[in-house]
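Asker: here is my input; please provide its structure:
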Amino acid sequence: MERDITYTGDLRLDVYHAQDAPVVVYVHGGGWTRGDKATDGAKRLAPLSAYGVTVVAVDYTLSPAAVFPQQLDELRAAVQWVRANLPGSERVGIWGASAGAYLGSLLALSTEDVQAVVHWFGQADLVAS
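Answerer: Numbering: from 1, shown residues only. A predicted model of the protein is given here:
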């Protein structure tokens, strides 16, 4: 595992390596205002890499310091870093939890940067009250 690699500005990512594996970018939740890339790393991310998936956990600027779409631009930069620095990253998935699920889905729907998305307990119906 590699920790605290700068991918853009002062934002960092962690890489949970798996040998010759597909890559998924993990985006933490926290209601846009809290959380970080290490949230549940040992519980969620390290086990996934043990099963053959390289996981790249990223930080993004939290609110109120960031105004949307800054977080989306930061995730795009993380995917670009992955493609430039990790072998076998021709196809990249994104996995987000809660607010991270929302950001991952927006990235997947707005660009061709990722080929798959796992929307894990994030807001999906923006009309629902």
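
Asker: can you map out the strands along this structure?
Answerer: With DSSP state E as the criterion, the chain has strands at 2-8, 11-16, 23-27, 54-58, 92-97, 116-120.

Asker: mind checking these for the one nearest to G35?
Answerer: With Cβ to Cβ as the criterion, G35 lies closest to strand 92-97 of the strands of the chain, at 8.7 Å. C-beta here means a position set from N, CA and C on the backbone, and glycine is covered the same way.

Asker: could you pull out the buried residues of that closest one?
Answerer: With burial defined by 16 or more other Cβ atoms under 10 Å, the residues of strand 92-97 counted as buried are 92-97.

Asker: give me the contacts around the lengthiest helix in the chain.
Answerer: When the chain is parsed with DSSP state H, its longest helix is helix 70-85. Outside helix 70-85, the residues within contact range by Cβ atoms under 8 Å, 6 or more residues apart in numbering are 7-8, 11, 13, 23, 25, 27, 32, 56, 58, 60-61, 66, 89-90, 92, 94, 103-104, 106-107, 110-111, 113-114.

Asker: do the same with stretch 39-49
Answerer: Contact with stretch 39-49 is made by 1, 14, 16-18, 21, 24, 26, 28-30, 55, 57, as judged by Cβ under 8 Å, 6+ apart.
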